[in-house]
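S.K.: Prediction below, plus the sequence it came from.
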Amino acid sequence: MHKEPVEIYHDLTARDFDRSHDEDQYYSKIYEPLARENLRRSLPTTPCNILDAGGGSGRWSLWLAEIGHKVVLTDISSAMLEVAQEKIRATGSAIKVLRCDICEMPGLADNQFDLSMAQGDPISYCKDASRALAELVRVTRPGGCVVVSVDSRIKAIKAMAAMEWQRAKEILTTGDMFSTNPQNMPFRLHAFTVTELGELFARNNLQVTRIVGIPAFFHLLPLKAQQQIFNNADDLENYLEIERQFADEPGWAGAANHIQVVGVKNHT
Ligand SMILES: C[S@@+](CC[C@H](N)C(=O)[O-])C[C@H]1O[C@@H](n2cnc3c(N)ncnc32)[C@H](O)[C@@H]1O
């Protein structure tokens, strides 16, 4: 069976995914709590049907099931899904697991979910982001929510920092680039602008209700201030409070590393 580099990469790193994320202070203290709070804003108060597409090791699915929702978890990487299955069995939760590419989800019926999400960049990693979003919209009921978080085009800053001016221009123009990772297994990704995301959502019958950088400000702080926030509980809480109050401005989102977009599927 042919495997894309993105699938090979996630198969190889699946067993380390949870540990590396839990031990990463940026992820565990800043990114994940903010992403969770943002997601919570879009969740209905009563139990609902949720698709966690590109859900990997099930970090989001397990939380959603724990707070009472009925969840279907999909991913392209069977190794990621194996890790998720082990956690699902250990917790006894009723999450349904399905291996598929977000661009093609024939196992899922039209209009079946109240909320469909792809957190942590799966849409950036897909071969065709437009097709992936169209699939998420297809399986979501009219009036339901689609929530995605993607890589932002500010990633071009790394090429600029390396004085790779031509590559920076290409990334800024097209959004297409390769991920760099410690495993030295590059895979193609698409980095979005806020404008592009707004247009993509509109073309796919979605009314955008929120565009937010996650986090909006942290990467702009000097390293010393970032360390202080990691190490001091009061500073961490004050920082997160600023994010909660002020991140909700699309202008900030464009300069953030990750952009989360929430859209509601139109009734027509
Ligand atoms: C960074 S991980 C995020 C996992 C999970 N959503 C989270 O936030 O913890 C990205 C996930 O997207 C999956 N993925 C990448 N391309 C995909 C595709 N075309 N269809 C489905 N899943 C995909 C990867 O296998 C991986 O599990």
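M.R.: Sure, I can see it. Numbering: from 1, shown residues only.
S.K.: Setting the sequence-adjacent residues aside, check what's closest to Ile88.
M.R.: Spatially, and ignoring its direct neighbours in sequence, Ile88 is nearest to Ile95 (5.1 Å; C-beta to C-beta, 6 or more residues apart in numbering). The C-beta positions use only the backbone N, C-alpha and C, and glycine is treated the same way.
S.K.: Check His10 too.
M.R.: Ser77 (3.8 Å).
S.K.: who's in contact with the one you found?
M.R.: By C-beta atoms under 8 Å, 6 or more residues apart in numbering, Ser77 lies in contact with 7, 10-11, 14, 56.
S.K.: how does it look with 10 Å?
M.R.: Residues near Ser77 by C-beta atoms under 10 Å, 6 or more residues apart in numbering: 3, 6-14, 17, 54, 56-57, 83-84, 99.
S.K.: And Pro122, by the same measure?
M.R.: By C-beta under 10 Å, 6+ apart, Pro122 lies in contact with 6, 10, 52-56, 74-76, 101-102, 129, 132, 136, 148-150.
S.K.: do that again at 6 Å, thanks
M.R.: 54, 102 (C-beta atoms under 6 Å, 6 or more residues apart in numbering).
S.K.: Check the one 10 residues further on too.
M.R.: Taking C-beta under 6 Å, 6+ apart, we find Ala132 in contact with 102-103, 123, 126.
S.K.: redo that, cut-off 8 Å
M.R.: For Ala132, the contact set (C-beta under 8 Å, 6+ apart) comprises 102-103, 118, 122-123, 126.
S.K.: Now compare these and name the two farthest from each other.
M.R.: Cys103 and Ala118 (11.1 Å; C-beta to C-beta).
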